[in-house]
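Q: quick one, what's the 3D model for this:
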Amino acid sequence: RYTFVSAATRASIEDLQQAGDSYPAAVADRYIQIPQGFSPRIQALAAQITSDALTPYDKAKAIESYLRQIPYDDAIPAPPAGVDPIEYFLFDIRRGYCDYYATAMAMMLRSVGVPARTASGYAEGMFDQESGSFFITERDAHTWVEVFFPEYGWIEFEPTAGESPLDRPAGEDPTNVDAAAGEAEPTPNPED
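A: The predicted model follows:
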């Protein structure tokens, strides 16, 4: 049994769209890296998906939306030997579970110059009306993506199909949630 306290950012969609791309060197140096020889196919797909995106937030939403269209399947076979797991997920099998979605999104964002990382923990679990508590079990283990925004820090995104979309306020009024956009108030994380 665990008890925890969390905090949620009040950053709106508008705030994140206006956050810019003046990343601290420590963030840019570590979280925009891609391996030498990283898949040109994945880079091209990321560039195509984000071609109309004007801000890092818009790029993150474009990639998140694209990935949420790929069916969730936690019983997929492992990639064949010598096959890039992200290519396998995006181009071959076109199904996967949270680790595939999160890794694909983080690396696609990095390839278009947006600092991103994966985070692992637990999804929201089941809410029990009677006790007013959430019950989280091993089956709620989950991996998601966090994107860095100047002045706001790490903001979570949910690329996994089948997981609840995140809802985030649309503009200056933090009670004005844009549910149609499928975004939510993220949990902030300190800079590394």
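Q: let me know the outermost residue of this protein.
A: Here the centre of the chain is the reference, and by C-alpha atoms, centre = their mean the most remote residue is residue 130, at 32.0 Å.
Q: next structured bit after the lowest-mean-pLDDT helix or strand in the chain?
A: None of the helices or strands of the chain scores lower by mean pLDDT, DSSP states H and E than strand 133-135, at a mean of 75. Following strand 133-135 in sequence order, the next helix or strand is strand 141-149 (DSSP states H and E).
Q: sec struct for residue 154, please.
A: Here residue 154 is recorded as strand under DSSP: H, G, I helix; E, B strand; the rest coil.
Q: pull the contacting residues for residue 100.
A: Shown in contact with residue 100 (C-beta atoms under 8 Å, 6 or more residues apart in numbering): 85-86, 89. (C-beta placed from N, C-alpha, C; glycine too.)
Q: next, work out how far apart it and residue 171 are.
A: Between residue 100 and residue 171 the computed distance is 33 Å (C-beta to C-beta, to the nearest Å).
Q: ok, residue 16 next?
A: 11 Å.
Q: these two: which is more packed in?
A: residue 16 (24 against 12; other C-beta atoms under 10 Å).
Q: just the strands in this protein please.
A: Using DSSP state E, the strands found in the chain span residues 116-122, 126-128, 133-135, 141-149, 153-157.
Q: how deep is residue 118 tucked in, by neighbour count?
A: Residue 118, neighbours per other C-beta under 10 Å, totals 17.
Q: okay but it is in contact with residue 103, surely?
A: Yes - using C-beta atoms under 8 Å, residue 118 is in contact with residue 103, at 6.2 Å.
Q: okay, and the common contacts of those two?
A: With C-beta under 8 Å, 6+ apart as the test, residue 118 and residue 103 both reach residue 143.
Q: tell me the angle the lengthiest helix in the chain makes with strand 116-122.
A: For the chain, the longest helix by residue count, based on DSSP state H, is helix 98-111. When axes from the mean of the first three to the mean of the last three C-alpha atoms, to 10 degrees is applied, the directions of helix 98-111 and strand 116-122 differ by 160 degrees.
Q: let me know the average pLDDT across helix 98-111.
A: For helix 98-111, mean pLDDT is 97.
Q: contact partners of stretch 83-96?
A: Taking C-beta under 8 Å, 6+ apart as the rule, stretch 83-96 contacts 39, 41-42, 45, 70-73, 76-77, 79-80, 100-101, 103-104, 107.
Q: from the residues you listed, which land in helices?
A: Those of these lying in helices (DSSP H): 41-42, 45, 100-101, 103-104, 107.
Q: just name the closest of those to residue 125, please.
A: residue 101 (19.1 Å; C-beta to C-beta).
Q: can you tell me which residues contact the closest one?
A: 67, 70, 89, 143, 159-161.
Q: now residue 129
A: Per C-beta under 8 Å, 6+ apart, neighbours of residue 129: none.
Q: check it and give its pLDDT.
A: Residue 129 is given a pLDDT of 86.
Q: separation between residue 48 and residue 56?
A: Distance from residue 48 to residue 56, by C-beta to C-beta: 17 Å.
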